[in-house]
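Peer 1: need a 3D model of the following:
(one chain, ligands or ions: 1)
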Amino acid sequence: MSQSYELLNPILVGPVTLKNRIALAPMVVMLASPDGALTKRSMDYYVRYARGGVGLIIVEGTVRDEKEGKGVPSGFAIHNIGYVTGFNKIVKLVKDQGASIVLQIAIIGQGDLGWDSEEVRKQR
Ligand SMILES: Cc1cc2nc3c(=O)[nH]c(=O)nc-3n(C[C@H](O)[C@H](O)[C@H](O)COP(=O)(O)O)c2cc1C
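Peer 2: Residues are numbered from 1 along each chain as shown. Below is the predicted model:
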């Protein structure tokens, strides 16, 4: 007897067909370098979800401009073109697994809790 699981069926979202309805919620996991660049660990983290069958990966809240607040230590940033290039690697590896990927832009603004202040850095 064949059974169809709706969760595992493809779904069209705008112009993109997701291979299933399983999505990874954006979660800052602090695996980037201290200044926000891609690391091997951060790349492996996302690729592992894609290999596990997740249809849509929403990359954690990523700081687009340091002037708008720095976010948490080792959270992702894309204020440097080199960091954007780094993301291309994740995108390719995730797509190779048939998953889709988007990136959440974070504008920290007044939510900047001073993680990057001298005082907090000394406590780390
Ligand atoms: C460690 C951690 C980091 C998170 N980072 C983000 C984030 O970058 N962006 C975001 O929108 N939500 C973030 N969240 C919230 C999760 O996405 C949220 O908890 C998840 O969507 C589950 O939803 P719920 O809390 O309503 O059950 C984070 C949650 C955790 C536990």
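Peer 1: and the residue nearest the centre of the chain, what does it touch?
Peer 2: For the chain, the residue whose C-alpha lies nearest the mean C-alpha position (Cα atoms, centre = their mean) is residue 59; its distance is 1.8 Å. Contact analysis of residue 59 by Cβ atoms under 8 Å, 6 or more residues apart in numbering lists 26, 46, 76, 87, 90, 101-104. Backbone N, C-alpha and C define where each C-beta goes, glycine included.
Peer 1: which ones among those are found in strands?
Peer 2: Secondary structure of these is defined by DSSP state E; positions in strands are 101-104.
Peer 1: flag every residue of the protein that's near the ligand.
Peer 2: Residues of the chain that fall close to the ligand, judged by Cβ under 6 Å from any ligand atom: 25-28, 60-61, 104.
Peer 1: one more time with 5 Å
Peer 2: The chain has residues 25-28, 60-61 near the ligand, with proximity defined as Cβ under 5 Å from any ligand atom.
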